[in-house]
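*Asks:* Sequence plus predicted model, see below.
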Amino acid sequence: MASKTIKSAIESMMFVWGEPLAIKDMADIFNLEKKEIYEACKELQEEYEQEGRGIVIREVNKSFQFVTRKENLGYIERLCTPVRRRRLSQSALETLAIVAYKQPVTKGEIEAVRGIKCDRVLEGLMAKGLVTIVGRAETVGRPNIYGTTNEFLKQFEFESLKDLPKIEDLEGVIFEAEEPPVFDGVIGQMSLEEMAGKYEAEADFGEPEEPEATEAEEPEAAEPEAE
């Protein structure tokens with residue numbers, strides 16, 4: 001069991017840091033093994049959970065962060081109203097799901113699944129910090145390859161990519177919805193199940209994608225009226 005001093009210091013550091021605090025960084029500060037610090041964080045996380053505290057400790061890819069308890073969302077929204085809410089469009093959710101399950105993946109591979117160009121959607125996901133360029137493919141032209149970020153894990157409440165729900169055939173995912181999901185880095189958090197099938201979102205990434213233009217049919221010439 002970790003000492004109270006170490007756990008107390010970890011609490012203070014997480015509170016001040018705000019963002020997910022890496023185990024490696026904490027281990028360097030304490031001059032201890034990463035395994036020992038990880039166990040201390042997990043103990044602290046369990047203590048917060050057992051006490052039902054309004055603040056919980058979330059693990060994000062071997063990092064830890066303070067977040068508010070989801071059950072208190074309504075109270076926080078009333079306190080912070082009006083709050084700026086950012087919505088992910090259906091195209092963004094679909095593209096994000098493809099990146100999450102197929103990564104590392106090129107833009108061409110994403111477009112092959114979606115059947116439509118995704119330049120602007122990818123730019124929007126990168127601007128929100130959910131997707132990033134992770135390298136270049138060893139193919140003709142060496143196109144960029146994309147993957148998800150720690151911000152993606154944080155927003156969807158995953159500790160790692162191993163926590164992604166099992167979807168065997170991503171090409172068959174259908175987005176049907178009654179209400180749009182809310183993406184909000186401060187208050188709302190959205191499950192991948194919502195992203196991958198329960199909800200459709202309002203557009204948020206610029207102009208909607210337009211269908212390819214087709215030639216307009218010429219109007220038929222009117223027949224002359226009989227005299």
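*Replies:* Alright, I've got the coordinates. Numbering: from 1, shown residues only.

*Asks:* gap between the one helix or strand Tyr146 maps to and the chain center?
*Replies:* Secondary structure assignment for Tyr146, by DSSP states H and E: strand 144-148. Strand 144-148 sits 14 Å away from the centroid of its parent chain (Cα atoms, centre = their mean, to the nearest Å).

*Asks:* downstream neighbour of that strand in the secondary structure list?
*Replies:* Taking DSSP H and E as the definition, the helix or strand right after strand 144-148 is helix 150-155.

*Asks:* How about residues contacting that next one?
*Replies:* Residues from elsewhere that reach helix 150-155 (Cβ atoms under 8 Å, 6 or more residues apart in numbering): 20, 58, 60-61, 63, 65, 96, 100, 128-131, 158-161, 183, 185, 189-190. Every residue, glycine included, has its C-beta placed from N, CA and C.

*Asks:* re earlier: CA-only coordinates of the strand holding Tyr146, as PDB, when you get a sec.
*Replies:* Provided in PDB are the C-alpha atoms of strand 144-148 (Å, rounded to 0.1, in the frame of the first residue of the first chain):
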ATOM      1  CA  ASN A 144      -0.400  10.600 -44.200                       C
ATOM      2  CA  ILE A 145      -1.700   8.000 -41.800                       C
ATOM      3  CA  TYR A 146      -4.100   8.900 -39.000                       C
ATOM      4  CA  GLY A 147      -4.800   7.700 -35.500                       C
ATOM      5  CA  THR A 148      -6.700   8.800 -32.500                       C
END
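
*Asks:* pLDDT on it, on average?
*Replies:* Per-residue pLDDT over strand 144-148 has a mean of 95.

*Asks:* next one: stretch 125-140
*Replies:* The model assigns stretch 125-140 a mean pLDDT of 92.

*Asks:* Which of the three states applies to Pro165?
*Replies:* coil (DSSP: H, G, I helix; E, B strand; the rest coil).

*Asks:* The residue most central in space within the chain and Cys118: what is the separation?
*Replies:* The residue lying closest to the centre of the chain (Cα atoms, centre = their mean) is Phe152, at 3.3 Å. Phe152 sits 16 Å away from Cys118, going by Cβ to Cβ, to the nearest Å.
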